[in-house]
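S.K.: based on what follows, work out the 3D shape:
(one chain, ligands or ions: 1)
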Amino acid sequence: MAAVNKYVFPSNSTCYCAESITEEIMEIYSSLKGLKDDVIYQDPSNHLKTVFQRLDYLIAQDIDDESAEAILSNSEFNSALDVITRFRSMYTAKLEIEHTKSILKSSDSWEVLKNFAYLPNYLQLAQTEYQGAGLRPGDCVLFLGSGPLPISLIVLCHQYGLRGIGIEQEPDRAELSRRVLAKLGLSDQIRIIEGNHSTLPLKERTELIMVAAQAEPKKEIFDHLANVLPTETKISYRLYDKGLRRLLDTFYRYELPEPFEEYLRVRPKPPANNTVVFLTTNNIGYISTTDGQLSERCLTFNDEEMQDITQSPEIC
Ligand SMILES: C[S@@+](CC[C@H](N)C(=O)[O-])C[C@H]1O[C@@H](n2cnc3c(N)ncnc32)[C@H](O)[C@@H]1O
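M.R.: You can find the predicted model right below:
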């Protein structure tokens with residue numbers, strides 16, 4: 001672990017060379033490999049927080065897709081990427097559990113929620129999803145992989161007047177999320193179901209089905225959705241594909257099944273890390289974006305709606 005503690009991040013403008021990135025990834029990997037689940041969840045010496053932050057910093061470096069691809073295709077990384085992705089997913093859940101418990105203990109639950117370090121990322125993503133799916137107040141969205149702190153649904157429902165349904169596979173996380181929703185006064189607006197992708201389809205109509213970046217296994221989820229969803233269902237999913245964020249990509253080289261047509265792809269701009277991809281089982285036109293800027297027009301949205309995607313939102 002000495003290497004992690006000694007590490008000093010260069011300024012954001014510093015140009016990373018392929019060799020130093022490779023070294024950095026391997027150092028992160030060697031601090032994580034062989035760690036048991038309970039060590040990651042408890043992080044007794046708090047040193048994994050540094051690894052998490054270091055990883056966050058690394059993936060956000062301004063590196064183009066081709067250079068990132070050239071670095072990450074190194075076969076040396078085969079096991080490293082799995083270990084790093086698993087760590088990132090578990091540590092995110094750990095942070096959510098801790099923050100949920102703080103909200104539950106607090107007398108000002110909304111104030112504590114607003115202090116969640118990653119809230120700005122979720123505000124950005126929620127705005128992209130609300131606008132990209134053409135949602136309207138009163139619509140219902142379903143989120144697969146809602147977690148212990150269903151922050152995506154909380155933001156979408158609180159900011160945009162939607163109703164939400166979360167599906168969470170871990171019973172204790174589903175229960176914790178119900179408790180935090182009750183504490184925030186959102187139980188009437190957001191319902192949590194304990195289950196997984198096989199729980200779909202629901203009888204209830206939903207305007208958008210959202211798949212969390214950390215919902216797994218991707219192939220099984222999308223193959224299942226392709227079989228059970230009726231035509232004209234809108235789906236959005238979050239993925240890590242811009243620059244070095246691809247280090248966390250679990251979608252890699254997976255081709256979506258036939259019925260899905262991609263109609264919009266919004267690449268992240270800071271603080272968000274996830275690209276949001278919108279699908280439908282019905283072709284309504286394709287547009288793409290570069291760093292949050294739209295490069296082509298979508299047939300279903302006007303320019304004003306689309307430009308809003310690139311503005312930074314705040315919770316109110
Ligand atoms: C840590 S959360 C992140 C989501 C975050 N809370 C949000 O609101 O955007 C990811 C959760 O997805 C759950 N999960 C992963 N795959 C799933 C699946 N196939 N079905 C249901 N839940 C899943 C995990 O148990 C984990 O709690």
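S.K.: grab the nearest non-local neighbour of the residue nearest the centre of the chain.
M.R.: Nearest to the mean C-alpha position of the chain, counting by Cα atoms, centre = their mean, stands residue 213 at 3.9 Å. Leaving out its chain neighbours, the residue that sits closest to residue 213 by Cβ to Cβ, 6 or more residues apart in numbering is residue 238, at 4.0 Å. Where you see a C-beta, it was placed from the backbone N, CA and C, and this is true even at glycine.
S.K.: how close does the one you found get to residue 53?
M.R.: Note on residue 238: its distance to residue 53, by Cβ to Cβ, to the nearest Å, is 21 Å.
S.K.: for those two, indicate the residue with more neighbours.
M.R.: For the pair residue 238 and residue 53, the greater number of neighbours falls to residue 238 (24 against 12), based on other Cβ atoms under 10 Å.
S.K.: which strands or helices does the helix or strand hosting the more buried one pack on?
M.R.: Residue 238 is part of strand 234-239 when elements are defined by DSSP states H and E. Packing contacts for strand 234-239, counted by 3 or more Cβ pairs under 8 Å, 6 or more residues apart in numbering; DSSP states H and E, involve helix 119-132, strand 208-211, strand 275-280.
S.K.: tell me what angle it forms with strand 275-280.
M.R.: 160 degrees (axes from the mean of the first three to the mean of the last three Cα atoms, to 10 degrees).
S.K.: can I get the helices and strands packed on strand 234-239 in TSV including mean pLDDT?
M.R.: Converted to TSV, those look like this (pLDDT from 0 to 100):
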stretch	mean pLDDT
helix 119-132	97
strand 208-211	98
strand 275-280	97
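S.K.: nearest to the ligand, of those?
M.R.: The ligand lies closest, by Cβ to the nearest ligand atom, to one member of the helices and strands packed on strand 234-239: helix 119-132, at 6.3 Å.
S.K.: pull up the pairing partners for the next helix or strand along the chain from that closest one, direction included.
M.R.: Remark: after helix 119-132, the chain's next helix or strand is strand 140-144, criterion DSSP H and E. Sheet pairing for strand 140-144, assigned by DSSP bridges, gives strand 163-168 (parallel), strand 208-211 (parallel).
S.K.: and the chain, which residues reach the ligand?
M.R.: 92-93, 96, 144-147, 149-152, 167-170, 173, 196-197, 212, 214-216, 221 (Cβ under 6 Å from any ligand atom).
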